[in-house]
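Participant: my questions concern the predicted model and sequence given below.
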Amino acid sequence: MPVNLLPVLVIPGESGDYSEAKIDSTPIIRFLEAEQSDRSVIPADPVMAFIDYLIEDYADEWLTKAMFHFRWAHKRNVDFAGSILPRWTLNQLSDEEIEPLSKNISERQIERLRYVGSNETTGEFIEESYQNFIELLSNHLVGRRFVLGDRPGSSDFGIFGQLTQLAQTDPTCRDLTLDVAPRVFAWCDNVEDLSGLEPKESDWIESDQIPGTLSEIFKEIGRTYAPFLLANAEAVAEGKEEWESEIDGKLWKQMPFVYQAKCLTWIREEFGKLDDEQKAKILQILEGSGCEVLIS
């Protein structure tokens, strides 16, 4: 059956025709890594590769909540997105032709806020978690160009994808970012154009030299995303239509999200691929962050 998802990368099938589409950034990155090993965006050290995977997953799945919430829960952003989104692809249409498209897009997306957990109960927490993250990321980027050193990892691209909208596009969160974390705004521009960058293997942070600023990011993931993943996975397993849980002392409620239950499974599968020494090192790095529950 056809699926209404936009293919992001179409690749040759077994017969040589372009018949296979990959639509998720994580498998796309892994596919390209297997095809082309130069200029890798995954650290060679399995410990740091797992850390990279964990941060990428947080960006893909938790920061998406902030992106969707800010865009469709604030009237200023709704008006902006409703006006601009259809014009990005149909700018040749008249204002009269654009108007019903704007209305349709806005109504459809606002109706879908419930799928990402954005509602009156959770909205303030989502916004607080976004501000916490960009402040932590800004601190971490002092002295280094990217999340895991001076070359970009898949985690950078996961974060970048969300921040192109959060930090640089939608008005209220763009203003917030410029106010509290202008370094993050500028970082997005840097990641947008990496031409001329010649990465070296030594550009990665070593697993025995994890900076405190990165540990603080782990704590933010452990405070927000980790308990969400566990509660959501439990709700999916029990077949609930809606679930409630306490996350960092705040009530969270939403519909179960089957895909994000799979994300927890995939995190644990990635961890399971490592040997005992590597697992112990990761647990040491994540100790006290709250992320340990994802893999223990």
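Facilitator: Sure, I can see it.
Participant: just for this structure, where's the confidence low?
Facilitator: Scanning the chain for pLDDT under 70 picks out 1-7.
Participant: ok now do Tyr53, which residues does it touch?
Facilitator: 154-155, 267, 270 (CB atoms under 8 Å, 6 or more residues apart in numbering). C-betas here are computed from N, CA, C, even on glycine.
Participant: mind checking which of those are in helices?
Facilitator: 154-155, 267, 270 (DSSP state H).
Participant: quick one: the helices in the stretch 101-250 of the chain?
Facilitator: 113-116, 123-140, 154-166, 171-180, 182-192, 212-238 (DSSP state H, counting those that start in this stretch).
Participant: next secondary structure element downstream of the helix or strand containing Ile51?
Facilitator: If you go by DSSP states H and E, Ile51 is part of helix 46-61. Sequence-wise, the next helix or strand downstream of helix 46-61 (DSSP H and E) is helix 63-73.
Participant: just the CA atoms of that following helix, as CSV, please.
Facilitator: Output of helix 63-73 as CSV, limited to C-alpha atoms (Å, rounded to 0.1, in the frame of the first residue of the first chain):
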residue,chain,number,x,y,z
LEU,A,63,13.3,18.3,20.0
THR,A,64,10.7,17.5,17.4
LYS,A,65,8.1,18.1,20.1
ALA,A,66,9.5,21.6,20.7
MET,A,67,9.6,22.3,17.0
PHE,A,68,6.0,21.2,16.4
HIS,A,69,4.7,22.8,19.6
PHE,A,70,6.2,26.2,19.0
ARG,A,71,5.0,26.3,15.4
TRP,A,72,1.4,25.3,15.9
ALA,A,73,0.6,26.3,19.5
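Participant: sort out which residues of the helix or strand just after it are buried, please.
Facilitator: On the C-terminal side of helix 63-73, the nearest following helix or strand under DSSP H and E is helix 75-90. Buried residues in helix 75-90, counted by 16 or more other CB atoms under 10 Å: 77-78, 80-82, 85-86.
Participant: what's the answer for stretch 116-127, then?
Facilitator: Those would be 116-118, 122-123, 125-127, for stretch 116-127 by 16+ other CB under 10 Å.
Participant: one more: stretch 280-296?
Facilitator: By 16+ other CB under 10 Å, the buried positions in stretch 280-296 come out as 281-282, 285-286, 289-292, 294-295.
Participant: between the residues you listed, which is nearest Phe160?
Facilitator: Lowest distance from Phe160 to these (CB to CB) belongs to Cys291, with 21.4 Å.
Participant: the residue nearest to that closest one when sequence neighbours are not counted and Glu97, how far apart?
Facilitator: Counting by CB to CB, 6 or more residues apart in numbering, Gly222 is the residue found nearest to Cys291 once chain neighbours are left out, at 4.3 Å. To Glu97, Gly222 is 48 Å away according to CB to CB, to the nearest Å.
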